[in-house]
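K.L.:
Predicted model and sequence follow; I will ask about them next.
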Amino acid sequence: MDINGANPPLLMVHGWGGSHQETWQKSGVEQLVNDAGTTVIGVDLLGHGTSAKPHDPAEYADLSAPIRNAIGARTTSVDAVGFSLGAIALLDAARHNPKYFRRLMLVGIGDGLLEPHDPTETARIVSGIDGTASSDDVLARQFGNYAKRTDNDPLALRAALLRPRKSPPTQEDLQKIDAKVTLVVGDRDFVLPADRLVQSFNDCKFVTLKNCDHFASTENFGFIDALLEFFCAP
């Protein structure tokens, strides 16, 4: 594959507990992108899919390394879409090099990204993986079920959650990003609100997915329509 060709490929990054195959291939989204004439670069984040799955949280400190490795020495920008942890990883890559991306679609993130990390929220999700979450904590239990899907390594996903965290991006960081940005969030997603995040970019469109929660975002028809229009429309 020649990723230095004239037409920018689309780099696709799954969320926590997913993989390129589970998120983009099984759902048929990659095939739709290919059918529209766009080449896909698939990335599995550390701890996911075909990547190594260490159990030491320190191994996950450089979240965007797999993305930067996939881009490599490319001399022109790529397009990219990332869901949840994948969207966070794409923004981390853009902090390393604001010129990496031409167009950037971020799915399932909100204003919380701009705040310092809250360890109690991570502990809540980890309790879902460990099986110690309260019976009425639906979100933690959802994450726990997600971690235990076929081919996942729950201990690796646990370590990814407990990774050392960087300081949150500032508005100055985000305004340095050259890409045209689309932020996509379901109207039932726990990451809302997202107003401050939208306003932090120089050029950002906000798309709301109706009757959609966090976990259903990448299979939502509204998301797929928005993705094809943003990246593949003439």
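P.N.:
That came through fine. As the structure is a prediction and not an experimental result, all values here were calculated from the model. Numbering: from 1, shown residues only.

K.L.:
helix, strand or coil for the residue lying farthest from the centre of the chain?
P.N.:
In terms of distance from the mean C-alpha position of the chain, Ser135 ranks first, at 28.1 Å (C-alpha atoms, centre = their mean). The three-state label given to Ser135 by DSSP: H, G, I helix; E, B strand; the rest coil is coil.

K.L.:
same thing with Gly42?
P.N.:
strand.

K.L.:
For it, give its distance to Glu30.
P.N.:
7 Å (C-beta to C-beta, to the nearest Å). No exception for glycine: its C-beta is placed from N, CA and C like everyone else's.

K.L.:
Need the residues touching each of those two.
P.N.:
The contact sets of Gly42 and Glu30 overlap at 12, 20, 24 (C-beta atoms under 8 Å, 6 or more residues apart in numbering).

K.L.:
Quick check, Asp151 in contact with Ser19.
P.N.:
Yes. At 7.3 Å, Asp151 counts as touching Ser19 under the criterion of C-beta atoms under 8 Å.

K.L.:
Geometric centre of this protein: which residue is closest?
P.N.:
For the chain, the residue nearest the mean C-alpha position is Gly86 (2.0 Å; C-alpha atoms, centre = their mean).

K.L.:
list the contacts for that residue?
P.N.:
Going by C-beta under 8 Å, 6+ apart, Gly86 touches 13-15, 18, 43, 45, 107.

K.L.:
Asp136 now?
P.N.:
Listed by C-beta under 8 Å, 6+ apart, Asp136 has no contact partners.

K.L.:
Dihedrals phi and psi, it?
P.N.:
In terms of degrees, to the nearest 10, the main-chain angles of Asp136 are phi -100, psi 10.
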